[in-house]
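Trainee: using only what follows, build the 3D model:
(one chain, ligands or ions: 1)
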Amino acid sequence: MTTRTRHSQSTPVTGCAIPINLETNPDANAFNTSQKISIQSGILRLTRSEADVATIVGHELAHSTMRHFEKKDINGYIGAFGGVMIDGGFLLGGISTGGAFTGYLQTAGMMAYSVAFEMEADYVGAYYAARAGYDIAGAEEVLAANVA
Ligand SMILES: [Zn+2]
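Mentor: Below you'll find the predicted structure:
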């Protein structure tokens, strides 16, 4: 087995308000915490080109620009409100649910659109990469890997 090492050097340019960090980590993952975007170096094994990396960064950036974090919280509040109403209804009937419906529906509300958010981030992120001048053909294979 031959191990190849690639070296590159870049000069950071401030282009948006969210920091993008390349972390030395063998895991093939990328994610956005709403405070920063982290690209773990292991994901570079799955990329074929700079365009693939641009598509990954675009996907993570799209989670912020499309306000997915705020929408997820709102969905959780709506779910929790529904749960409070159900738990309250049982309590009026003399049955304590221990807040089970509140917790369950809050989690369900927060998860309700996660697949839709990922699909939207794929689409918007690919758009960002394409608008930046990258040929994104085939990038969907990289996104399907481990981009959260
Ligand atoms: Zn994502």
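Trainee: can you show me the strands along this protein?
Mentor: Using DSSP state E, the strands found in the chain span residues 20-23, 30-32, 37-40.
Trainee: wait, which of the ones you listed is closest to Gly94?
Mentor: strand 30-32 (45.4 Å; C-beta to C-beta). From N, CA and C alone the C-beta is placed, and that goes for glycine too.
Trainee: that closest one vs the ion: in contact?
Mentor: No. Strand 30-32 stays clear of the ion (C-beta under 5 Å from the ion), getting no nearer than 7.0 Å.
Trainee: so which bits of that strand are buried?
Mentor: For strand 30-32, a neighbour-count test (16 or more other C-beta atoms under 10 Å) marks 30, 32 as buried.
Trainee: still on that earlier bit, who wins for proximity to Val142 among the strands of the chain?
Mentor: strand 30-32 (9.7 Å).
Trainee: quick one: contacts of the closest one?
Mentor: 18, 37-40, 43, 56-57, 59-61, 63-64, 146-148 (C-beta atoms under 8 Å, 6 or more residues apart in numbering).
Trainee: among those residues, give me the pair with the biggest separation.
Mentor: Ile18 and Asn146 (20.1 Å).
Trainee: pretty sure Phe117 is touching Met66, no?
Mentor: Yes. Assessed by C-beta atoms under 8 Å, Phe117 is found in contact with Met66 at 7.5 Å.
Trainee: burial of Ala28, as a residue count?
Mentor: 17 (other C-beta atoms under 10 Å).
Trainee: residue numbering should commence at 31 henceforth.
Mentor: With 31 as the first residue, the last one maps to Ala58.
Trainee: could you measure it against Ile69, distance?
Mentor: 10 Å (C-beta to C-beta, to the nearest Å).
Trainee: next one: Glu171
Mentor: Distance from Glu171 to Ile69, by C-beta to C-beta: 17 Å.
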